[in-house]
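Q: here is the input, now give the coordinates:
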Amino acid sequence: MSTPAADGFRMPAEWERHSRCWMAWPCRPETFTGGIDAACAAYAEVAQTIAQFEPVAMVCNQADVAEVSLACGPGIEVLPMPISDSWVRDTGPTFVVGGPGQVAGVDWGFNAWGNNYPDHQVDADLAKRMLEHLGLPRYQAPLILEGGSFHVDGEGTLITTEECLLNPNRNPNLGKAEIEEYLKEYLGVRQVIWLGQGYELDETDGHIDEIACFARPGVVLALTTDDTGDANFKIFQDNLDRLKSARDAQGRELEVIPLRQPERRDHNGVRLTLSYTNFYIANGGIVMPAYEDAADDEAFRTLRKVFPDREVLQVLALDIVKGGGGIHCITQQQPTG
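A: From the prediction side, this is the model:
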């Protein structure tokens, strides 16, 4: 079977032009222990905010179509497809682009973040259904992988974490070199930068979008903390060291811009993964989280400075994070090609 790279495809950077943003409606009450109604309201606000910049398509179960249409309002496309959870970054396809106007999708294997949830088969089939709906070519990758576990610069460089991609609950029979080769073949990258661990107690086993992301080629935003008593202190420091010593696919040193972690907050005895790197880059805009934290304004100013040509909007994301992810986790960009 051919691969995207062999056919001239690559994953574009998130800041390249989109045709739409995909989302999936909350449908699993046990995921959102802060209340599924509050989560739905937060998802709707994120969708409405992104829709100020680009079209939004919301996937939901057939029984929820009327509720979703009413909650999201006009301008949000509602598409009934079977789902059992609402993290489309991980369950939907990763879109790749080829020649002029060429767009395809990579369908990764999905096992619910290391078999955390046994009833995930409809989510494992979602990428295929989305690509069939769009009429786009589908590359089925022989790799368990989630879209939130990697970030690319569009110029051949990918960042990820060893904690997630080398976790035996994903691809126990594959080594680091083999996984790198699959990333290169299915995303069209040439250089993989490995960070160590992700956010403490992250249910996803260290997704990169909770701790670091590219802002543009050669520039990475990374979460930091000055609290030496925080378990994230050593994790983030090690990741900063790795980023500063790395070179991208173009041979450049990376400029690393810090984003201060919000104050620790627990929910039902579990630490929330509050992160300012978990934002969505839209056409002409940035949709970023707020947490009713003293660091919200500082993070907003940083992103406004880093993205001077985009309008930066904040959405209160606590009710999303209580489910285990953030704004980037619930969105997936479809490039124009």
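
Q: which residues in the stretch 1-150 of the chain form strands?
A: With DSSP state E, counting those that start in this stretch as the criterion, the stretch 1-150 of the chain has strands at 18-24, 56-60, 76-80, 94-97, 103-109, 138-144, 150-152.

Q: which stretches of the stretch 101-250 of the chain have low pLDDT?
A: Regions of the stretch 101-250 of the chain meeting the criterion pLDDT under 70 are absent.

Q: and stretch 287-294, end to end?
A: Taking CA to CA, to the nearest Å as the measure, stretch 287-294 stretches 19 Å from start to finish.

Q: average pLDDT across that stretch?
A: Confidence over stretch 287-294 (mean pLDDT, whole number) is 98.

Q: what about that stretch, distance to the chain center?
A: Per CA atoms, centre = their mean, to the nearest Å, the displacement of stretch 287-294 from the mean C-alpha position of its chain is 17 Å.

Q: list the buried residues in that stretch.
A: Of the residues in stretch 287-294, those with enough neighbours to count as buried (16 or more other CB atoms under 10 Å) are 287-291, 293. From N, CA and C alone the C-beta is placed, and that goes for glycine too.

Q: one step back: relative to Ile281, which of the strands of the stretch 1-150 of the chain is closest?
A: strand 18-24 (8.7 Å; CB to CB).

Q: with just CA atoms, put that closest one into PDB.
A: Taking Å, rounded to 0.1, in the frame of the first residue of the first chain, the C-alpha atoms of strand 18-24 are listed here in PDB:
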ATOM      1  CA  HIS A  18      -8.300  25.800   6.400                       C
ATOM      2  CA  SER A  19     -11.500  25.000   4.600                       C
ATOM      3  CA  ARG A  20     -13.200  24.100   7.900                       C
ATOM      4  CA  CYS A  21     -12.800  23.100  11.500                       C
ATOM      5  CA  TRP A  22     -14.200  19.800  12.700                       C
ATOM      6  CA  MET A  23     -15.700  19.200  16.200                       C
ATOM      7  CA  ALA A  24     -17.600  16.300  17.900                       C
END
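
Q: and the closest residue to Glu203 other than its chain neighbours, how many neighbours?
A: With sequence-adjacent residues excluded and distances taken as CB to CB, 6 or more residues apart in numbering, Glu203 is closest to Gly324, at 4.8 Å. Summarising burial for Gly324: neighbours were counted as other CB atoms under 10 Å, giving 20.

Q: go on, the one 10 residues further on?
A: As a burial measure, Gln334 scores 21 neighbours (other CB under 10 Å).

Q: next: Ile179.
A: Other residues near Ile179 come to 20 when the count uses other CB under 10 Å.

Q: what about it, helix or strand, and which?
A: Taking DSSP states H and E as the criterion, the element that holds Ile179 is helix 176-187.

Q: picking up where we left off before, could the strands of the stretch 1-150 of the chain be laid out in a markdown table, adding distance to Gln121?
A: Listed next are the strands of the stretch 1-150 of the chain as a markdown table, based on distance: least, CB to CB, whole Å:
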| stretch | distance to Gln121 |
| --- | --- |
| strand 18-24 | 15 |
| strand 56-60 | 16 |
| strand 76-80 | 18 |
| strand 94-97 | 20 |
| strand 103-109 | 12 |
| strand 138-144 | 14 |
| strand 150-152 | 24 |
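
Q: for Ala42, find the nearest of those strands.
A: Each of the strands of the stretch 1-150 of the chain was scored for nearness to Ala42 using CB to CB, and the closest is strand 18-24 (11.3 Å).

Q: and the closest one, what's buried?
A: For strand 18-24, the buried set under the neighbour-count rule, 16+ other CB under 10 Å, comprises 18-24.

Q: contacts for it?
A: Contacts of strand 18-24 from elsewhere in the structure, counted by CB atoms under 8 Å, 6 or more residues apart in numbering, are 43, 46-47, 50, 54-60, 77, 83, 85-88, 91-92, 103, 126, 130, 280, 282-283, 330-337.

Q: buried subset of those?
A: Applying 16+ other CB under 10 Å to the contacts of strand 18-24, the neighbour count classes 43, 46-47, 50, 54-60, 83, 85-88, 91-92, 103, 126, 130, 280, 282-283, 330-337 as buried.

Q: okay, angle between the helix holding Ile179 and strand 138-144 too, please.
A: Here helix 176-187 points in a direction 160 degrees away from that of strand 138-144 (axes from the mean of the first three to the mean of the last three CA atoms, to 10 degrees).

Q: which SSE is immediately downstream of helix 176-187?
A: Note on helix 176-187: by DSSP H and E, the next helix or strand toward the C-terminus is strand 191-195.
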